[in-house]
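Asks: How does the following fold in three dimensions:
(one chain, ligands or ions: 1)
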Amino acid sequence: MKGFYENEVRCQVCKKEYKITKLLSRKAVVKKRDSDFCPHYKDLNPIFYSVNVCPHCGFTSFNSDEEKLNSQEIKKYKEKMSSKWKYQELNGIRGIDDAIKIYKLLLLTYNVIDKKKSSIATACLRLAWLYRYKNDKENEMKYLKNMIKNNEIAFSTEKLSVNYKNELEIMFIVGETYRKLGEFKEAVKWFTKVNAHEDINKHRIIKIRNKDQWSLAMEEYRNGDKNE
Ligand SMILES: [Zn+2]
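Replies: Reported below is the predicted structural model:
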């Protein structure tokens, strides 16, 4: 199909090869971004294609995830999941509902292998955005809250400069999500952290946006925090 190409990958769990569909990068044209950087695409959305599902055993992962699974993780996956999986091809052209299904499989896989919280948080954020595309507020909020919960743990227990190439952006997104959830005090706390980060001057767009949303959160806070 026009705009796509096929690739072959090898599953880390069952070691079998399978085909995946990828979107040509020039076909992914961003029309606008929301305040939390959620991209809206003109036509085709690469987020739909950034996750691979092994048709043989169901093992699901971000295709950018180069981290090798260790033997414990493979064992956990095989014990809990492989036997329940029935052969299924899910790597073709995807619509929004297919994408939601795949990101849920990703979360399931991550939970089964006890993947680090920063990766779970990233999957939750993508899933929240997919529900946003569908105007499903309830599920969007559910996964945004999940994203916050996992990032709060990640930021206090993981070495994020290694796991997150975009640490500042994630910190900003946590702040902005708290603001959207009406938790202004928490939002201000995270915006303050972003502003004090040693790399802030290297990221002009985040610096400016952080300042704007920080002022907005302060104003909203003065007008009444719903949790106070
Ligand atoms: Zn497999």
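Asks: Every contact and neighbour count from this point should use C-alpha atoms.
Replies: Fine.
Asks: average pLDDT for the helix ranked longest in the chain?
Replies: Counting residues, the longest helix found in the chain (DSSP state H) is helix 137-157. Taken as a whole, helix 137-157 has a mean pLDDT of 95.
Asks: now what about that helix, what contacts it?
Replies: By CA atoms under 8 Å, 6 or more residues apart in numbering, the list of residues contacting helix 137-157 from outside reads 116-118, 120-125, 127-132, 160, 174, 177.
Asks: Buried subset of those residues as a ChimeraX selection?
Replies: The buried residues among the contacts of helix 137-157 can be selected in ChimeraX (16 or more other CA atoms under 10 Å) with this line:
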select :116,117,118,120,121,122,123,124,125,127,128,129,130,131,132,174,177
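Asks: Among the contacts of helix 137-157, which are located in strands?
Replies: Cross-referencing the contacts of helix 137-157 against strands under DSSP state E gives no overlap.
Asks: Which of the contacts of helix 137-157 fall in helices?
Replies: Taking DSSP H as the definition of helices, the contacts of helix 137-157 contribute 117-118, 120-125, 127-132, 160, 174, 177.
Asks: Show me which residues of the protein are close to the ion?
Replies: In this structure, the chain approaches the ion at residues 11, 14, 54, 56, 57, judged by CA under 5 Å from the ion.
Asks: which residues does the residue most central in space within the chain contact?
Replies: Central residue check for the chain by CA atoms, centre = their mean: the C-alpha nearest the mean position is that of residue 122, 2.8 Å away. For residue 122, the set of contacting residues under the criterion of CA under 8 Å, 6+ apart consists of residue 147.
Asks: Same check on residue 100?
Replies: Under the criterion of CA under 8 Å, 6+ apart, the contact list for residue 100 reads 127, 130, 131.
Asks: can you check residue 195 too?
Replies: 207, 210, 211.
Asks: among those, which are in helices?
Replies: Counting by DSSP H, the members of the contacts of residue 195 that fall within helices are 207, 210, 211.
Asks: which one of these has the most neighbours?
Replies: The residue in these with the most neighbours, by other CA atoms under 10 Å, is residue 210 (26 neighbours).
Asks: Would you check how far apart it and the ion are?
Replies: 42 Å (CA to the ion, to the nearest Å).
Asks: One more: residue 86?
Replies: With CA to the ion as the criterion, residue 86 and the ion are 11 Å apart.
Asks: hang on, isn't residue 91 packed against residue 18?
Replies: No. Contact criterion CA atoms under 8 Å: residue 91 and residue 18 do not qualify, at 9.0 Å.
Asks: Looking only at neighbour counts, state which of those two leads.
Replies: For the pair residue 91 and residue 18, the greater number of neighbours falls to residue 91 (22 against 17), based on other CA under 10 Å.
Asks: Surely the more buried one forms part of a strand?
Replies: No. When classified by DSSP: H, G, I helix; E, B strand; the rest coil, residue 91 is found to be coil rather than part of a strand.
Asks: Quick check on the residue nearest to it when sequence neighbours are not counted: phi, psi?
Replies: Counting by CA to CA, 6 or more residues apart in numbering, the nearest residue to residue 91 once its immediate chain neighbours are dropped is residue 20, at 5.1 Å. Dihedral angles phi and psi of residue 20 (degrees, to the nearest 10) take the values phi -130, psi 160.
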